[in-house]
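S.K.: Following is a predicted model, sequence given first.
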Amino acid sequence: MTVDQREMVQQALAKVPAVTLGFWIIKILATTLGETAGDAVTMSWFGETTAHPLFSSGHWGYLYGTILLCIPLVLLIFAQIKARRFQPLLYWATIIASTMAGTTLADFCDRFIGDGTAASYLLGTIILLSCVLSTLFLWRKTLGTVSVESVSEPKAEWFYWITITFSQTLGTALGDWLADTSISGHQIGFVGGALVFGAALLIVALLYFRTPLSRAGLFWAAFILTRPLGATVGDLLDKPLAKGGLDFSRPLASIALLAAIGICLLIFPQRAAQAGEAH
């Protein structure tokens, strides 16, 4: 293969992974890790909910955690955009960074709006959903498509990662809101929330295989739904028993999830998506 041929092949490849079953499994694990690791930083280490934290910062723990986690996120996004081809480890490291920062940012916004009440979760969800939809609208208006197969040049990559960061933040607020919602006097809780979002993902999958609806639209619907699913599962793992969680150690749960992601990366082949037509 000549140099020109190699360049043509490279231009036909997106800098994000092909959307496969393995992609969705790793994505759900990554969003769950983002919840437990984000909570470890803000709640355990910065003292938001821990009696004896490593760094005592009181109610500002969510803000300090967000600032701390946004630094590697920005650096990884720049590295991802600068990379000449799809690199699985770099891509998933950026996803994990975005979901950790999204967790702490959503928690900070919810506390800032209404001290973590159900109303603040709902308002935060509405604001963040508006941000996601606005970014997708601008992306499509600017480049003509929001398909992941088009993410092969910097402008599309910026839209892609901004959308992802908003969606990761939205997921935490949405998951917290649903888990805190009551129906007929019974709180849905973390298990109920996970079941609701899991069912919603199955519906999106059925629409993908049984209808001619936009592939790009269904992808982003599923992508957004995986985040609150991961958030509720993460909360189930690390929240206290009194709040409906299993009270697992946040750092240990995060390490276990990171190991599971590593195993999945070895099991499921990682290849770049083929740059294709807008749809």
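M.R.: All right, it came through fine. A quick note: this is a predicted structure, and the numbers were derived from the prediction, not measured. Residues are numbered from 1 along each chain as shown.

S.K.: In contact with the residue sitting nearest the centre point of the chain, which residues?
M.R.: The residue at the geometric middle of the chain, judged as the C-alpha nearest the mean C-alpha position with C-alpha atoms, centre = their mean, is residue 168 (3.5 Å). Residues touching residue 168, when contacts are defined by C-beta atoms under 8 Å, 6 or more residues apart in numbering, comprise 31, 34, 98, 99, 101, 102, 103, 227. C-beta coordinates here come from the backbone N, C-alpha and C atoms, glycine included.

S.K.: So, low pLDDT: which residues of the chain?
M.R.: 1-13, 47-59, 114-118, 184-185, 275-279 (pLDDT under 70).

S.K.: ranges for the strands of it?
M.R.: Assigned by DSSP state E, the strands in the chain fall at 13-17, 182-183, 186-187, 272-274.

S.K.: Leaving out chain neighbours, which residue sits closest to the residue nearest to the centre of the chain?
M.R.: Beyond its immediate neighbours in the sequence, the residue positioned closest to residue 168 (C-beta to C-beta, 6 or more residues apart in numbering) is residue 102, lying 3.1 Å away.

S.K.: I'd assumed residue 171 was in contact with that neighbour.
M.R.: Yes - applying C-beta atoms under 8 Å as the test, residue 102 and residue 171 come out as touching, 6.8 Å apart.

S.K.: what's around the closest residue in space to residue 201 that isn't next to it in sequence, how many residues?
M.R.: Of all residues not flanking residue 201 in the chain, residue 225 sits nearest, at 5.2 Å (C-beta to C-beta, 6+ apart). Counted with other C-beta atoms under 10 Å, the burial measure for residue 225 works out to 23 neighbours.

S.K.: and what of residue 84?
M.R.: Counted by other C-beta under 10 Å, the residues lying close to residue 84 total 7.

S.K.: chain center to stretch 210-222, what's the gap?
M.R.: Averaging C-alpha positions (C-alpha atoms, centre = their mean, to the nearest Å) puts stretch 210-222 18 Å from its chain's average.

S.K.: swap in stretch 177-190?
M.R.: Relative to the mean C-alpha coordinate of its chain, stretch 177-190 is positioned 22 Å out (C-alpha atoms, centre = their mean).

S.K.: And for stretch 103-112?
M.R.: Between the mean C-alpha point of stretch 103-112 and the mean C-alpha point of its chain there is a distance of 15 Å (C-alpha atoms, centre = their mean).

S.K.: Can you give me the buried ones in it?
M.R.: 103, 104, 105, 106, 107, 108, 109, 110, 111 (16 or more other C-beta atoms under 10 Å).

S.K.: Stretch 246-265 now?
M.R.: Within stretch 246-265, the residues that qualify as buried are 248, 250, 251, 253, 254, 257, 258, 260, 261, 264, counting by 16+ other C-beta under 10 Å.

S.K.: what comes into contact with it?
M.R.: Residues from elsewhere that reach stretch 246-265, judged by C-beta under 8 Å, 6+ apart: 22, 25-26, 29-30, 32-33, 36-37, 39-40, 43-44, 88-89, 92, 96, 234, 236-241.

S.K.: Please repeat the previous calculation with a cut-off of 10 Å.
M.R.: 22-23, 25-27, 29-41, 43-45, 50, 88-89, 92, 95-96, 100, 190, 230, 233-241, 270 (C-beta atoms under 10 Å, 6 or more residues apart in numbering).

S.K.: And those, which of them are buried?
M.R.: Among the contacts of stretch 246-265, those classed as buried by neighbour count (16+ other C-beta under 10 Å) are 22-23, 25-27, 29-41, 43-45, 50, 92, 95-96, 100, 190, 230, 233-239, 270.
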